[in-house]
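A.B. asks: this is a predicted model, with the sequence first.
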Amino acid sequence: MHAKRITMIAALALTVLTGVAHGVVTARWTGGREVAPVIPAIPTTIGDWVGTNDSTDIDDPNLANLTRKYTHSRTGRWFLICLTAGHPGLTAVHTPEYCYRGSGFDQLGPIERRWAETKDGPPAGFWTTQFQKKTAAGAEQLRVFWTWSAGDGWTAPQSPRWHYLGKPSLYKLYVIGAGEANIAPGKDPALDEFLASLLGTLNRSLFAPPTAPATP
C-alpha cells in the first residue's frame, strides 16, 4: 500500500512538473502570448532583389507572418522567404521536415547545418535539406533553409525550443529556392549575395535600436 501511494505521488508530481514546463515554454504563466506579435516593415527592394508579398496559411493570432518572393531584377532568379514572429514556444516548432512532408513532399537528403555570411553581422547558422513533390506535370524540387533569432544573431540550434527558453519573442526564417538541388552557401554566388543582403536588412529592420530624434 505504501509503495502504491509513493507511485501515485510520483505520477502526480510528474504531471504537475510537465504542466509547469509546458506553461513556461508556451508563456502560459507569464502572459507572453497575450500580446499579438508584429513584424516591422521590411524593405521590398534589397539591392537588385525586388519583393512581392504572398499569401500565407498561418492564421494563429499569436503569430505574425511575412511571406514574400524576392526576384532578381536582371536574372529572374528568385527566393521565397517566410518570416514568422511570436513566442518561442510557438515559433521554435513546426520545422520544414514536418511541414513539407505533411504537404506531400518527400525529403531527399539529410538535414545539414550550413553557415552564411551576413552584412554588418556575424555569420548565420541555417539548417537545410531538399524536398521533392511528384505531380502529373513533373517533379517540384525545393531546397529549404531555416534559422531563428531572438536578436543576438541567426542560429540553428539542435533544440530551439529549449535554446530560446525564457526569451520574450523569437523570429523564425525560411528561405526557399526552387529547382536547385545542390545550392548551398559558399557554392552558389547568387544565394550567398541574397542571404547576406537579406540578413543584413532583417537585422537592421528587426533589431536595430530606434534612432534618436535630432536635437534642434
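C.D. replies: Nice, thanks for sending it over.

A.B. asks: which residues in the protein form strands?
C.D. replies: All strands of the chain, identified by DSSP state E, fall at 45-46, 49-53, 64-72, 78-86, 106-107, 112-118, 121-135, 138-149, 170-178.

A.B. asks: can I get those in a markdown table with mean pLDDT, mean neighbour count and distance to Ser159?
C.D. replies: All C-beta atoms are positioned from the backbone trio N, CA, C, and that covers glycine. Output for the strands of the chain, formatted as a markdown table (pLDDT from 0 to 100; neighbours: other CB atoms under 10 Å; distance: least, CB to CB, whole Å):
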| stretch | mean pLDDT | mean neighbour count | distance to Ser159 |
| --- | --- | --- | --- |
| strand 45-46 | 96 | 14 | 31 |
| strand 49-53 | 97 | 15 | 32 |
| strand 64-72 | 96 | 17 | 23 |
| strand 78-86 | 96 | 21 | 18 |
| strand 106-107 | 90 | 14 | 20 |
| strand 112-118 | 91 | 16 | 13 |
| strand 121-135 | 90 | 18 | 12 |
| strand 138-149 | 91 | 19 | 11 |
| strand 170-178 | 94 | 21 | 13 |
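
A.B. asks: do you know which of these lies nearest Asn203?
C.D. replies: Asn203 lies closest to strand 121-135 among the strands of the chain, at 5.2 Å (CB to CB).

A.B. asks: only alpha carbons, please: show that closest one as CSV.
C.D. replies: In CSV, the C-alpha atoms belonging to strand 121-135 read as follows (Å, rounded to 0.1, in the frame of the first residue of the first chain):
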residue,chain,number,x,y,z
GLY,A,121,26.9,41.0,-38.5
PRO,A,122,28.2,37.6,-37.5
PRO,A,123,27.8,34.5,-39.8
ALA,A,124,24.3,33.0,-39.7
GLY,A,125,23.7,29.3,-39.0
PHE,A,126,21.0,27.5,-41.0
TRP,A,127,19.5,24.1,-41.2
THR,A,128,18.9,22.9,-44.8
THR,A,129,17.6,20.0,-46.8
GLN,A,130,15.9,19.2,-50.1
PHE,A,131,12.3,18.3,-50.8
GLN,A,132,10.5,17.0,-53.9
LYS,A,133,6.9,16.5,-54.8
LYS,A,134,5.9,14.4,-57.8
THR,A,135,2.9,15.5,-59.7
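
A.B. asks: for the nearest residue to Phe207 once chain neighbours are set aside, what are phi and psi?
C.D. replies: Nearest residue to Phe207, sequence neighbours excluded (CB to CB, 6 or more residues apart in numbering): Gly151, at 4.7 Å. Dihedral angles of Gly151 (phi, psi; degrees, to the nearest 10) stand at phi 110, psi 0.

A.B. asks: thanks a lot, see you next time.
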